[in-house]
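Undergrad: Need the 3D shape of this:
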Amino acid sequence: MSSSSGYSLSKINPKLLRRIYRACRPTLSEPNLALNLEICDYVNAKQGSIPREAAIAVVKLINQRDPQTSELAIHLLDNLVKNCGYPFHLQISRKEFLNELVKRFPERPTMRYNRVQRMILAQIEEWYQTICKTSKYKSDFGYIRDMHRLLLNKGYVFPEVKVEDAAVLNPADTLKSLEDIQKEEAIVHSAKLQELIRRGKPEDLQEANKLMKIMAGFKDDNVQENKKQVNDDVARLKRKTEIFAEMLNSVEAGGAKIDDSNETIFDLYGSIKSAQPSVTKIIEEEHDNEEYVQDLLALNDTINQLTQKFQLIKNGNIEEASNIKVSGGAAAASAAKELNLIDFDDDEPTESGESSKDQQGYNDLLSDLSNLTFSEPGPGSSNKQTNPLDFYGSGGSIALGGGATNSSLFTSSGASVQQPKPSTTQNSANNFDFLSDLHSPSPQLQSNTSTQLDPFGFDFPTSSPAQVQASSANAAAVDVKTLFESGETKLEVESLTAANAALFKGKFLVSNLSSSLLSAAKLSVAVPKGCKLDLRPQSGNVIQPFAARGFSQEFSIENPVNKALKVKWKLEYSANGQAHTETGISNLSE
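TA: A predicted model of the protein is given here:
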């Protein structure tokens, strides 16, 4: 019997189990938030095997026949996911957990979902749209993407994620000191090591050995990466202070108080103010680097001046605020440029917060469906009487299957795609890619969108793959023109509105002209200063050989002054194990 086929509740920490049972007892009319948060604190304090035990206990209660117990358990699961960080995220991304979560789902959806099914679908969709796309460790959560796609293929419809729920799980754009980053990584490494040792297979132990060397400090690659991240974050904070100074100077010149409806300036104030303690901490850490410390001290003084000036203007003391002179810095000098585009160079800090979010967040690495099973589990159980609650991970009618060639938890599945010319499997040199995704392309799937679909009264807006395909067929191209074409790729833009409109909407289309599979494809776009770009998530990032319009990306550009609509773009992808980059500037107005 494999380690995932059964797990006795008697192995779970008794203190933890008692708390979970109290939080999910059916006599409760609503979730006990205080007790749920107490359980979260207990999991965070104990770590070790406690996150796994909590996940197992909760998912078993979700599968109870009493709907009240199931609903309370799902509320507890939601609190654990949002408060216990990566160690718990790792456990909910395990194949055994996901199989157990959908154990009571029929192979084909019924006409109406019950409340527990709707809540489970909402949880999976929320994880898929957040930690699977925006987390620093999103490559570790491939099984969540697999389960999401499997349910879509079976005909299940996911609800739309609430903005406030997504905001909790998406990474916060805050400055962290080197010590804070290293603490976070220590927790991540510890959780991965715990899972590798628990699995105990030879390949897992090899990965555990590499991880222990990193944790012991024998490899300083991570330290250098973390220092670079701190420097990049400091550069972004400087840019924020420049923008904030410009906005304050603009308000001051107008002689009016700050409008409470101006969310942007309040968000900038909160972001800069909250970063100040981290600046102080970085100054203490870098005390040996005098030049860097002086730069940080100047930044700290600027933050103090800006926050003081903000409070004065907010309270209407315009005259007193005018005595505090804060320069707009480099941002003011570049304001006169007609085409002030974001620099995509890897060694430069990202200039726009919105564009950095787009580049960071919406990469959905598509996995292979070859390791998913759609049939009922086989009857290979023993005659010995056991407690049904002790079975964990076998799943029901819908379950993720295991790969036949590679059973290691933290290695790639090795799934390959037949191509016109032979290619070799390449091993990643990254020691931290323990939970790498399955990079083979899936059958043609359309990503879930927010299109309204409620034919059976499910009371939530959503969409299905069939509907997305239908909408794609109905939306005939108003105007399609080629922006770039090489021997391997072609970039086109489909205009959905007139090019001279104040709000220009369209869709970027990327085609594969070669016989090689293109993977890890990412399109980055920037617009002139004064325009506002809204770039939607890509429909995928793997393009089959000779696939016309292998993926698309919708966008809208606000162009209030009707200037020449030039965009700078960069297309990155991997072909035959080599990274490729195509860049250019195109005029959408022509």
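Undergrad: Skipping its backbone neighbours, what lies nearest Asn315 in space?
TA: In this structure, Asn315 finds its nearest non-sequential neighbour in Lys257, 7.7 Å apart by Cβ to Cβ, 6 or more residues apart in numbering. Heads up, the C-betas are built off the backbone N, CA and C, glycines and all.
Undergrad: His75 versus Ala235, what's the distance?
TA: Going from Ala235 to His75 by Cβ to Cβ, to the nearest Å gives 41 Å.
Undergrad: Which one of these two is surrounded by more residues?
TA: His75 (20 against 14; other Cβ atoms under 10 Å).
Undergrad: Using CSV, write out every CA atom in the helix or strand that contains the more buried one.
TA: Here His75 sits within helix 67-83, counting by DSSP states H and E. Only the C-alpha atoms of helix 67-83 are listed here, as CSV (Å, rounded to 0.1, in the frame of the first residue of the first chain):
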residue,chain,number,x,y,z
PRO,A,67,-23.7,19.6,5.4
GLN,A,68,-23.3,22.0,8.4
THR,A,69,-20.1,20.2,9.5
SER,A,70,-18.8,20.3,5.9
GLU,A,71,-19.6,24.1,5.5
LEU,A,72,-17.9,24.9,8.8
ALA,A,73,-14.8,22.8,7.7
ILE,A,74,-14.6,24.7,4.4
HIS,A,75,-14.7,28.0,6.3
LEU,A,76,-11.8,26.7,8.6
LEU,A,77,-9.9,25.6,5.5
ASP,A,78,-10.3,29.1,4.0
ASN,A,79,-8.9,30.7,7.2
LEU,A,80,-6.0,28.2,7.3
VAL,A,81,-5.1,29.0,3.6
LYS,A,82,-5.2,32.7,4.2
ASN,A,83,-3.3,32.8,7.5
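Undergrad: Which helix or strand lies directly C-terminal to it?
TA: helix 85-92.
Undergrad: Tell me which residues of that next one come out buried.
TA: Gly85, Tyr86, Pro87, Phe88, His89, Leu90, Gln91, Ile92 (16 or more other Cβ atoms under 10 Å).
Undergrad: Closest one to Ile324 out of the residues you listed, please.
TA: Nearest to Ile324 out of the buried residues of helix 85-92 is Gly85 (Cβ to Cβ; 39.6 Å).
Undergrad: Can you list phi and psi of Gly584 for me?
TA: Main-chain dihedrals, Gly584, degrees, to the nearest 10: phi 180, psi 170.
Undergrad: Numbering from 16 from now on, please.
TA: Got it, the first residue is 16 from now on, which makes the last one we talked about Gly599.
Undergrad: burial count for it?
TA: Around Gly599 there are 12 residues (other Cβ under 10 Å).
Undergrad: is it true that it touches Thr497?
TA: No. In this structure, Gly599 is not within contact of Thr497 by Cβ atoms under 8 Å, at 11.5 Å.
Undergrad: Any stretches of the stretch 16-165 of the chain with poor pLDDT?
TA: 16-23 (pLDDT under 70).
Undergrad: in this structure, what spans have low per-residue confidence?
TA: Looking at the chain by pLDDT under 70, you get 16-23, 232-237, 342-412, 416-493, 513-516, 605.
Undergrad: For stretch 198-208, buried residues please.
TA: Applying 16+ other Cβ under 10 Å to stretch 198-208 flags Glu200, Val203, His204, Ser205, Ala206, Lys207, Leu208 as buried.
Undergrad: and if you look at stretch 565-584?
TA: In stretch 565-584, counting by 16+ other Cβ under 10 Å, buried: 565-570, 572, 574, 580-584.
Undergrad: per-domain residue ranges of the chain.
TA: Following automatic domain parsing, one gets these domains for the chain: 237-366, 490-602.
Undergrad: before we move on, back to that, what residues of the helix holding His90 count as buried?
TA: 84-96, 98.
Undergrad: Residues touching that helix, excluding its own?
TA: Residues outside helix 82-98 that contact it (Cβ atoms under 8 Å, 6 or more residues apart in numbering) are 35, 38-41, 43, 46, 48, 51-52, 54-55, 58-59, 69-70, 73-74, 76-79, 103-104, 107, 129-131, 134-135, 138, 142, 183-184.
Undergrad: Helices - which of those residues land there?
TA: In helices, defined here by DSSP state H, the members of these are 35, 38, 48, 51-52, 54-55, 58-59, 69-70, 73-74, 76-77, 103-104, 107, 130-131, 134-135, 138, 142, 183-184.
Undergrad: Now do the buried residues in the strand or helix carrying Asn319.
TA: Here Asn319, judged by DSSP H and E, is contained in helix 305-329. Under the neighbour-count criterion of 16+ other Cβ under 10 Å, helix 305-329 has 308, 311, 314-315, 317-318, 320-321, 324-325, 327-329 buried.
Undergrad: Mind putting the residues you listed into JSON lines with distance to Pro292?
TA: Written out in JSON lines, the entries for the buried residues of helix 305-329 read as follows (distance: Cβ to Cβ, whole Å):
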{"residue": "Val308", "distance to Pro292": "16"}
{"residue": "Leu311", "distance to Pro292": "13"}
{"residue": "Leu314", "distance to Pro292": "13"}
{"residue": "Asn315", "distance to Pro292": "10"}
{"residue": "Thr317", "distance to Pro292": "16"}
{"residue": "Ile318", "distance to Pro292": "11"}
{"residue": "Gln320", "distance to Pro292": "17"}
{"residue": "Leu321", "distance to Pro292": "16"}
{"residue": "Lys324", "distance to Pro292": "20"}
{"residue": "Phe325", "distance to Pro292": "18"}
{"residue": "Leu327", "distance to Pro292": "22"}
{"residue": "Ile328", "distance to Pro292": "24"}
{"residue": "Lys329", "distance to Pro292": "22"}
